[in-house]
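K.L.:
quick check, what structure comes out for this input:
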Amino acid sequence: MKKQATYILTLIFLLSVFPVLAQFNPKTICRVENGKIYFRIDLNWTKAQQKELIRLFDLDTIVVQGVYNGKENITVKGTSWQVVKLNDHLVELSKLLAAMPVRAPSSNDIIMLDDRWLNAEGAAERVSVTFGVNRFTRYSVFQYSRGIARFFLPGNLNAKQVFLSGSFNAWSTTNLKMNPCDSGWTISLKLLPGKYSYKYIIDGKWTPDPYNRLKESDTYDSYNSVLYCYNYLFRLKGYSSAHKVILAGSFNNWNEKELKMIPLAGGWALSLYLREGTYIYKYIVDDAWITDPQNELKRPDGKGNFNSVMGIGDSLIFRLNGFLSAKKVILSGNFNNWNEAELEMEKTAQGWQLWYVLGPGNYEYKFIVDGKWMTDPANPNSTGEGEYQNSVLAHKANHVFTLNKYPQANKVIVTGSFNGWNKSNFKMVKKGETWTFPIYLIPGKYSYKFIVDDEWILDPANELWETNEYGTGNSVLWVEPR
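P.N.:
Alright, predicted model coming up:
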């Protein structure tokens, strides 16, 4: 994410100020959707209008000229643009938002900050990875404890002012002013566990953290520093004579070299960030794989061995009522890579149950009853057809798609940018005369439609919509950070 990719340089003024553009509304020209920025351009615009378009939206002249010359792909300064013709006189110009050229805003720019979009981007980044470990070259430059993150930038004693900017404050350039101290600059702020990208602004110059080895490209000749706020400590007692101990698990695809534990008095330890969910793991002590001797919870891996199990977050209960004559019932889903042996359910007086920890998300699953796969008879939400049909669980759902009309329809699907516009996934369930489908969506903007008996329709209860390449429009949903 680029430090200025969080800004939409729209330069939208009152139309009366720009008589050249009085024929159209600039707000309809530019939009941001699904990680891309789009510009709708009329091929009938005059030269004067084209120049004003370039000035208002800070577009490259070569790009605009390429549009009017009929090019479908335009590359300027390493940035690729795509041109799609909508009709005889309208085209749509787009590029990846992460590839937006970066420059520090000048005093001549008028910047409109889209707080809703920026806050959603930051919230999504925080939980965008399964796990993370920091790689600072100096321990004191970042410390995190009890929800408080302390940043320390050594040196730069001659600087007049230093700001901290990152995904945690929507890349604001002014609201996190650092405090000078005898050896550098400091600031403390509240942060939730997760991933964050950031930079320092030293007397107006954007600077990555020189003491942080973790970085990712900002896609324009530089990079952002990356850090993690931890929420879990792995501890292995004893084995003080071991030369090396590695932590490996489902969270890092069982990488045998990545997570080296730190020797401490009485054993080994490693802190890291883990997204909510259930994980299986082992320790590798001098090349010997062992389960965690301090953790009694272990589960079979389906290959005759066992793994230690841990979870972060709230537990939920999977239940299957009945089937009391069954000898074994297994829970299997995309949350454990459809393992057919790991999650053996416990028999109760009413049926079968299993406690499990899942992070917020949408999950597919089935039960295996004495070797026979079946969907959850108590869960009406499903995806797929026939033998490929799975039950769907929206854990900690933060939105419910609702369609109050069409009670006579046989089948209603909700589809959109959140599932790749799949035409069979997420079958809605009819309750009375209302069709519903609960879902968990990370913060951000989504476009969607309903498919009612194979007919695509907009959401009649949602006034927010935008045009699409087919000229039929898509409904728009904003999921706000919580």
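
K.L.:
any chance you could map the helices in the stretch 251-400 of the chain?
P.N.:
Counting by DSSP state H, counting those that start in this stretch, the stretch 251-400 of the chain has no helices at all.

K.L.:
what stretches of it score poorly on pLDDT?
P.N.:
Filtered on pLDDT under 70, the stretch 251-400 of the chain yields no residues whatsoever.

K.L.:
change it to 80
P.N.:
Scanning the stretch 251-400 of the chain with the threshold set as pLDDT under 80 gives 302.

K.L.:
how much space separates Thr130 from Ala170?
P.N.:
Per CB to CB, to the nearest Å, Thr130 is found 24 Å from Ala170. Using the backbone N, CA and C atoms, a C-beta is placed for each residue, glycine as well.

K.L.:
buried set for stretch 72-88?
P.N.:
Ile74, Thr79, Trp81, Val83 (16 or more other CB atoms under 10 Å).

K.L.:
before we move on, back to that, have a look at Thr130 and Ala170 and say which one is more surrounded.
P.N.:
Ranked by neighbour count (other CB atoms under 10 Å), Thr130 and Ala170 place Ala170 first, with 21 against 15.

K.L.:
where's that one relative to Gly194, distance?
P.N.:
According to CB to CB, Ala170 and Gly194 sit 15 Å apart.

K.L.:
also Thr173?
P.N.:
On the measure of CB to CB, Thr173 and Gly194 end up 22 Å apart.

K.L.:
how is the protein carved up into domains?
P.N.:
Annotated domains of the chain cover 15-112, 133-228, 232-312, 315-394, 399-479 [automatic domain parsing].

K.L.:
save those domains as JSON lines, and put in distance to Glu125 too.
P.N.:
Formatted as JSON lines, these follow (distance: least, CB to CB, whole Å):
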{"stretch": "domain 15-112", "distance to Glu125": "12"}
{"stretch": "domain 133-228", "distance to Glu125": "5"}
{"stretch": "domain 232-312", "distance to Glu125": "12"}
{"stretch": "domain 315-394", "distance to Glu125": "15"}
{"stretch": "domain 399-479", "distance to Glu125": "9"}
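
K.L.:
of the ones you listed, which is nearest Ala123?
P.N.:
Closest to Ala123 of those, according to CB to CB: domain 399-479, at 4.1 Å.

K.L.:
now the end-to-end length of the closest one.
P.N.:
8 Å (CA to CA, to the nearest Å).

K.L.:
one more: stretch 309-319?
P.N.:
Stretch 309-319: ends 20 Å apart by CA to CA.

K.L.:
could you check that stretch and say which residues are buried?
P.N.:
Val309, Met310, Gly311, Ile312, Gly313, Phe318, Arg319.

K.L.:
what do you get for stretch 334-345?
P.N.:
Phe335, Asn336, Asn339, Glu342, Leu343, Met345.

K.L.:
so the last one touches Tyr356, yeah?
P.N.:
What that stands for is Met345. No. Between Met345 and Tyr356 there is no contact under CB atoms under 8 Å: 10.0 Å.

K.L.:
are there residues contacting both of those two? Which ones?
P.N.:
Phe318, Leu331 (CB atoms under 8 Å, 6 or more residues apart in numbering).

K.L.:
which one in the protein is furthest away from the centre?
P.N.:
Centroid-distance maximum for the chain: Ser325 at 43.4 Å, with CA atoms, centre = their mean.

K.L.:
secondary structure added to the buried residues of stretch 72-88, as JSON lines?
P.N.:
Shown next, in JSON lines, are the buried residues of stretch 72-88 (DSSP: H, G, I helix; E, B strand; the rest coil):
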{"residue": "Ile74", "secondary structure": "strand"}
{"residue": "Thr79", "secondary structure": "strand"}
{"residue": "Trp81", "secondary structure": "strand"}
{"residue": "Val83", "secondary structure": "strand"}
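
K.L.:
the residues you listed: which two are farthest apart?
P.N.:
The widest separation within these (CB to CB) is 13.6 Å, between Thr79 and Val83.

K.L.:
so, low pLDDT: which residues of the stretch 51-200 of the chain?
P.N.:
In the stretch 51-200 of the chain the weaker segments, taking pLDDT under 80 as the threshold, are 52-53, 55-58, 77-79, 87-88, 96-124.
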